[in-house]
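Asks: Give me coordinates for this.
(2 chains)
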Amino acid sequence: MKTRLEEQLADALATLKSDGLVPPDVAPAIAVTRTKDPTHGDFASNLAMQLAKPAGRKPRDVAEALIAALPSSAEVRDVVIAGPGFINFFVSDATQADVVRRVLDDGEQYGRSQVGAGKRVQVEFVSANPTGPLHVGHGRGAALGATIANLLDAAGFDVQREYYVNDAGRQMSILALSVWLRYLEKGGATFAFPSNGYRGEYVHDIAAALRSEVGSDLERDTTALFSGVTDDETVAADGSTSGDKEAHVDELIEAAQAALGDNAWKLVFDHGLDAIIADIRGDLADFRVRYDEWFSERSIEGDVATVVERLDKAGHLYKQDGSTWFRSTAFGDDKDRVVVRSDGRTTYFASDIAYIDNKLARGFDQVLYVFGADHHGYVVRMQAACEALGHDPKRLEFLLIQFAILYRGGERVPMSTRSGSFVTLRELREEVGADAARWFYVMRRYQQHLDFDLDLAKSRSNENPVYYVQYAHARICSVMRELDNKGLSFDQAAGLATLDRLVEPQEADLLTLLATWPELLERAALTREPHQVTGYLRDLANGLHTYYNSHKFLVEDDALRQARLSLLCAVRQVLVNGLTLIDVSTPEVM
RNA sequence: GCGCCCGUAGCUCAGUUGGAUAGAGCACCUGGCUUCGAACCAGGUGGUCGGAGGUUCGAGUCCUUCCGGGCGCGCCA
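Replies: So this is what the prediction gives:
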């Protein structure tokens, strides 16, 4: 409808140009938008105001000429000039009501589009280090990434959902060491657990599982293990520190590898990694988050050197202070970045570069990174690397997700990963349910900090927006059940034939909302803004509740009843389509 | 100090390429269930859109500058 009006305006503009009213070289953006105020009609265009200056005439005069040049259309009931020179379009009632037929015909397809057809896009999200369970901070990235992927899919893009598993770094070795040390403790060994080790309860669980699998086969002499290792950091009573926790843990890792040998070390390492990956996968699955690919960092370890070499050959690297630097300042970064350390090992950034190259080589037109806002410093260097490798940096897109702050009883819930006193995603889900969690995480713009009110998310009351929307769905289902109880039935064809009986203002509001859904969904996908969907669903539910309270559906008048029920079914369909996109359930009874 | 994000009603937030009288929810006040589900609805109170300049027919939206808040600035991952 909107595009047809824009085409008609374009034709009218061409007529004005050929009549000499408008200079031929003027090329304004022809835009038709929905109105906010129904008294302004259904659609409006500001074209006349844009043309006023180049045409040297008053906006309202230009508008008059444009309207005169518009072809007549059965879809449009009236076209009027309003305000400073807006052209307002009033859509005919039959066209307005026809949306019911479209919704019921298209069903779960209604609202989906093909704007992204033929384009491959990857959404990488969460990608938390597999060194412990996911916490609530990861939850927002999970919910947003999953929903954005759903939106893109609905817009016709070929979407791939990926989790990048950081299974190669030093942190993984520290986890393996932590698991092994807990394993040794369970065998009776006593020693001071390194301050830099992972201290969470889950490490004990993994160690216990390891012991039940291998028995005492992995036990080694601990006094020998700790001998010669730099002292761990300790804090004296006066606050002064001694020792070096970083060197302590690194040397312990080396000693452990030596004591166990490669095979046994790998056994411990994989045991820890596999256990945590399994935990994360299960957790995300229960959160209704699906992935197409769990991409292992180790699988591209061998590509890092190759990529560094490519950058070197292209002249983007230089040596200084014994290490190798990437000249990212040449691409707008505020400082250059090390890719090969003075000890010869490559940096984490070098792995990222290899990963970028790998992604783009897989042929994605667009690659989305769903990052926590604390990662914003990486954006410029990532794009710099992308460009240096000869790729278009615009193919990378970074969504910086602001933090979610939990509130319980009006108090901020403290979050500290370091001390291990964090709320896990699993705990959150068990406390408020997956529906509320998914909804709350995406209900705000991702650029905005999120106040996550646990009490509100749990409340089964009118304050809770999730229930509000689900209730609208359940209410419609309830009406359809009541229809059965009264021995009546719904005939869709009959309903579609009597749509002209929908004349109430509440019905007109719902028809407009239904017609808006495809436009909104497309915009939400292209701007990567799931909160537009939650906002829309709230409006649609409100429209339904208002309608429900002002009119009866199961009326004696058969034609009117059929028409109203077909409208209800259309509303229910769009509620389902919207809630499905954010993976919130659609209960028939609450 | 530099960089990114944010600042809209008492609170939490929407506001589509710049568009008409800036909107919701919560809170507060008033009213509505012998009726298809009151987990609902209708109405009301509440605003210098952080401040100041600028761009233009028109600015919450764009530009400049200042103020306030969050985050980031490792040969960590």
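Asks: I'd like to know how far residue A:500 sits from residue A:411.
Replies: For residue A:500, the distance to residue A:411 equals 56 Å [Cβ to Cβ, to the nearest Å]. To be clear about C-beta, it is placed using only N, CA and C from the backbone, and glycine gets the same treatment.
Asks: Could you give the average pLDDT over stretch A:101-112?
Replies: In this model, stretch A:101-112 has an average pLDDT of 97.
Asks: For that stretch, C-alpha coordinates in PDB please.
Replies: This file holds the C-alpha atoms of stretch A:101-112, laid out as PDB (Å, rounded to 0.1, in the frame of the first residue of the first chain):
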ATOM      1  CA  ARG A 101      -7.800 -11.900   4.600                       C
ATOM      2  CA  ARG A 102      -4.100 -11.400   4.000                       C
ATOM      3  CA  VAL A 103      -3.300 -12.400   7.600                       C
ATOM      4  CA  LEU A 104      -5.400 -15.500   7.600                       C
ATOM      5  CA  ASP A 105      -4.200 -16.500   4.100                       C
ATOM      6  CA  ASP A 106      -0.500 -16.100   5.000                       C
ATOM      7  CA  GLY A 107      -0.800 -17.500   8.500                       C
ATOM      8  CA  GLU A 108       2.600 -17.800  10.100                       C
ATOM      9  CA  GLN A 109       4.200 -16.300   7.000                       C
ATOM     10  CA  TYR A 110       2.300 -13.000   7.500                       C
ATOM     11  CA  GLY A 111       4.800 -10.200   8.000                       C
ATOM     12  CA  ARG A 112       7.800 -12.100   6.600                       C
END
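Asks: I would like the residues contacting that stretch, please.
Replies: By Cβ atoms under 8 Å, 6 or more residues apart in numbering, the list of residues contacting stretch A:101-112 from outside reads A:154-156, A:492, A:496, A:499, A:514, A:517-518, A:521, A:566, A:569-570, A:573-574, A:576-578, A:580.
Asks: Could you list the buried residues of that stretch?
Replies: A:101, A:103-104, A:110-112 (16 or more other Cβ atoms under 10 Å).
Asks: Up against RNA strand B, what does the stretch 451-590 of chain A have?
Replies: A:451, A:460-463, A:465, A:467-468, A:471, A:474-475, A:477-479, A:481-482, A:519, A:523, A:529, A:531-532, A:535, A:538, A:542, A:545-546, A:548-554, A:589-590 (Cβ under 7 Å from any atom of the strand).
Asks: what about residue A:121, which helix or strand?
Replies: strand A:120-124 (DSSP states H and E).
Asks: How about that strand and RNA strand B, touching?
Replies: No. Strand A:120-124 stays out of contact with RNA strand B when judged by Cβ under 7 Å from any atom of the strand, the minimum separation being 14.8 Å.
Asks: Pull the residues that contact that strand.
Replies: Strand A:120-124 has contacts (Cβ under 8 Å, 6+ apart) with A:145, A:148-149, A:152, A:157-164, A:359, A:362-370.
Asks: Which PyMOL command selects the buried ones in these?
Replies: Burial among these is assessed by 16+ other Cβ under 10 Å; the matching PyMOL selection reads:
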select buried, chain A and resi 145+148+149+152+157+159+160+161+162+163+164+359+364+366+367+368+369+370
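Asks: related to what we said a few turns ago, of residue A:500 and residue A:411, who's got more company?
Replies: Neighbour count, other Cβ atoms under 10 Å: between residue A:500 and residue A:411, residue A:500 has more, with 11 against 8.
Asks: Now do the contacts for the more buried one.
Replies: A:93-94, A:97, A:563.
Asks: Would you mind putting the residues you listed into CSV with neighbour count and distance to residue A:27 alongside?
Replies: Below are the contacts of residue A:500 laid out as CSV (neighbours: other Cβ atoms under 10 Å; distance: Cβ to Cβ, whole Å):
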residue, neighbour count, distance to residue A:27
A:93, 15, 35
A:94, 12, 34
A:97, 25, 36
A:563, 25, 45
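Asks: Just the buried ones from the contacts of stretch A:101-112, in ChimeraX syntax?
Replies: Command for ChimeraX, covering only those of the contacts of stretch A:101-112 found buried under the criterion 16+ other Cβ under 10 Å:
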select /A:154,155,156,496,499,514,517,518,521,566,569,570,573,574,576,577,578
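Asks: Looking at the contacts of stretch A:101-112, which are in strands?
Replies: Of the contacts of stretch A:101-112, none are assigned to strands by DSSP state E.
Asks: From the residues of the stretch 451-590 of chain A next to RNA strand B, which land in helices?
Replies: Counting by DSSP state H, the part of these found in helices is A:465, A:467-468, A:471, A:474-475, A:477-479, A:481-482, A:519, A:523, A:531-532, A:535, A:538, A:542, A:545-546, A:548-550.
Asks: that older thread, what lines up beside the strand holding residue A:121 in the sheet?
Replies: strand A:158-165 (parallel), strand A:366-372 (parallel) (DSSP bridges).
Asks: What are the boundaries of the strands in the stretch 201-350 of chain A?
Replies: For the stretch 201-350 of chain A, applying DSSP state E, counting those that start in this stretch gives strands covering A:234-235, A:241-242, A:293-296, A:317-320, A:323-326, A:337-340.
Asks: what does the stretch 51-200 of chain A give?
Replies: Using DSSP E, counting those that start in this stretch, strands in the stretch 51-200 of chain A cover A:76-82, A:86-91, A:120-124, A:158-165.
Asks: and of those strands, who's closest to residue A:443?
Replies: Closest to residue A:443 of the strands of the stretch 51-200 of chain A, according to Cβ to Cβ: strand A:120-124, at 19.5 Å.
Asks: Would you mind stating the distance between the residue in the stretch 101-250 of chain A positioned nearest to RNA strand B and residue A:558?
Replies: Closest approach between the stretch 101-250 of chain A and RNA strand B, counting by Cβ to the nearest atom of the strand: residue A:169, at 2.1 Å. Going from residue A:169 to residue A:558 by Cβ to Cβ gives 70 Å.
Asks: Compare the two and say which one has the larger neighbour count.
Replies: Just comparing residue A:169 and residue A:558: by other Cβ under 10 Å the higher neighbour count belongs to residue A:169, 15 against 12.
Asks: Read off the pLDDT value for the nearest residue to that one once chain neighbours are set aside.
Replies: Spatial nearest neighbour of residue A:169, excluding adjacent residues (Cβ to Cβ, 6 or more residues apart in numbering): residue A:348 at 6.6 Å. On pLDDT, residue A:348 comes in at 92.
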